[in-house]
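Undergrad: build me a model from this:
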Amino acid sequence: MDLARTPTIGGFAEEVSTLAKAPSRPRGVLHLLDTQTVDSKAFRADWEALARQCAEPNPFFEAWFTLPSFEQFADSDAYKIAAYWVGGRLTGLMPIKHSNDYYGHGLPYVGTWLHDHSFCGSPLVTKGQEKGFWKALVSCLDQTPGQALFLHLPALPEGGALDNALVAVLAEMDRASAVVERSSRAMLASNLSPEEYLAEAMSAKKRKELRRQKNRLSEFGELSFERLEGAECIEPWIEQYLTLEAAGWKGVAGSALKSKPASYAFFADAMYSAARAGKLERLALRLDGKPIAMLANFIAAPGAFSFKTAFDEDYARFSPGLLLQIENLDLLNRQDIAWTDSCAVEGHSMIERIWREKRAFVSRNVAIGGSLRRLTARALMAYETRVWN
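TA: The predicted structure follows:
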């Protein structure tokens, strides 16, 4: 992308050195772009190239997921893309948002933008440019913080390339920061075969019970398993999933994707875009052709992300969701996938019965702006970590 033509927000296009005291190296340029600017053919091409070369995969910040998110959920100019170039090449990207509501507290802040259907806050950054990206972002927000008192970075994979780089940068800048939350969730990561993994995860008695449940299901009709990639039959699959989810407790509670027009449209657009990008794997357990359990995985090698799952509650006593997850263990056979993030809540009763590994996440707050603002942020972080941790 030609930086001379790159739009800026509020006239800001501050240059920051990616490597101090190394003037012979290309300099980094960070721009805050609006949600319309990034939806262009040229920028999308740069974005897709970045996703293929990033230090840590995160499908929730890839173009095919983020653009439908912006279209349905970004309803003001508070939403931006922090885009970082080095030598004219896009090497870093993260959606951000200014907000006055910090988890129910009236505190203005700027932070990584995650919505109810995005489960990882790691920015897309080219390998080797992790520290440069964080320096550029913090320096940008120092100069243009708006009303924000601090930078909030939720759901970073703890100990990953981006989190480690951030910790190093904050130490180099002598910048006040705090860990405000830690969590973990089930992850699938093993060199075992699916059969070996299941044998170690579940007792022989439980495996026998699952076989019995599967046999009982077969008495109601023809039981079949389906695995699809690409865009084959994607439209009917999306509608079947939305209908299946809405028929259960989420539909009753009003939290099903189909319950809100924006969520409905977002899911349909994101799934279709993921399929066209070759990033979607769909699984279904069917009884006489009718889905009784469905699952969508996002593929972002070397990782995968178990995005959404639903099952028919009329067959709950036969554990159709668990039976489908056993089929999902075939991810262990994929040579391009080293691990799979469950994207489930911590302590999920079903997935943690089979997936034995854990993926840890950390949320960090960082002081930004001038000296007085940073002192205020330091005091707030001290209070938050004292009361909530």
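Undergrad: and the residue nearest to the spatial centre of the chain, how far from residue 303?
TA: Against the mean C-alpha coordinate of the chain, by CA atoms, centre = their mean, the closest residue is residue 120 at 3.2 Å. Distance from residue 120 to residue 303, counting by CB to CB, to the nearest Å: 9 Å. Glycine gets a C-beta too; all of them are placed from N, C-alpha and C.
Undergrad: now the common contact residues for these two.
TA: Listed as contacting both residue 120 and residue 303 by CB atoms under 8 Å, 6 or more residues apart in numbering are residue 341.
Undergrad: my read: residue 292 touches residue 310, true?
TA: No: in terms of CB atoms under 8 Å, residue 292 does not count as a neighbour of residue 310; the distance is 9.7 Å.
Undergrad: what sits in contact with each of these two?
TA: Residues touching both residue 292 and residue 310 by CB under 8 Å, 6+ apart: residue 244.
Undergrad: can you give me the helices for this structure?
TA: Along the chain, counting by DSSP state H, helices occupy 41-53, 63-73, 130-143, 161-172, 194-201, 204-218, 234-246, 249-253, 261-276, 320-328, 371-388.
Undergrad: need the contact list for residue 265.
TA: With CB under 8 Å, 6+ apart, residue 265 has these contacts: 68, 71-72.
Undergrad: just residue 221 next, same as before
TA: Going by CB under 8 Å, 6+ apart, residue 221 touches 287-288.
Undergrad: so how far is residue 240 from it?
TA: From residue 221 over to residue 240 the distance is 16 Å, taken as CB to CB.
Undergrad: same check, this time on residue 173
TA: Going from residue 173 to residue 240 by CB to CB gives 51 Å.
Undergrad: and for residue 153?
TA: In terms of CB to CB, residue 153 sits 37 Å off from residue 240.
Undergrad: quick one: least confident helix or strand in the chain?
TA: Taking mean pLDDT, DSSP states H and E as the measure, the chain has strand 15-16 as its least confident helix or strand, at a mean of 36.
Undergrad: what is the burial count for residue 240?
TA: Number of residues near residue 240 (other CB atoms under 10 Å) recorded here: 17.
Undergrad: just confirm it contacts residue 291, I think it does.
TA: Yes: Residue 240 lies in contact with residue 291 (CB under 8 Å); the separation is 5.2 Å.
Undergrad: shared neighbours of these two, anything?
TA: residue 284.
Undergrad: before we move on, back to that, among the contacts of residue 265, which ones are buried?
TA: Among the contacts of residue 265, those buried by neighbour count (16 or more other CB atoms under 10 Å) are 68, 72.
Undergrad: okay, the contacts of residue 265 in a markdown table with distance to residue 186 next?
TA: Below are the contacts of residue 265 laid out as a markdown table (distance: CB to CB, whole Å):
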| residue | distance to residue 186 |
| --- | --- |
| 68 | 26 |
| 71 | 31 |
| 72 | 28 |
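Undergrad: for residue 114, phi and psi?
TA: Dihedral pair for residue 114: phi -120, psi 140, per degrees, to the nearest 10.
Undergrad: list the contacts for it?
TA: Shown in contact with residue 114 (CB under 8 Å, 6+ apart): 60, 121, 154-155.
Undergrad: how near is residue 35 to residue 364?
TA: Remark: distance between residue 35 and residue 364 (CB to CB) = 25 Å.
Undergrad: between these two, which one's more packed in?
TA: residue 364 (23 against 18).
Undergrad: does that one touch residue 155 like I think?
TA: No: using CB under 8 Å, residue 364 makes no contact with residue 155, being 10.2 Å away.
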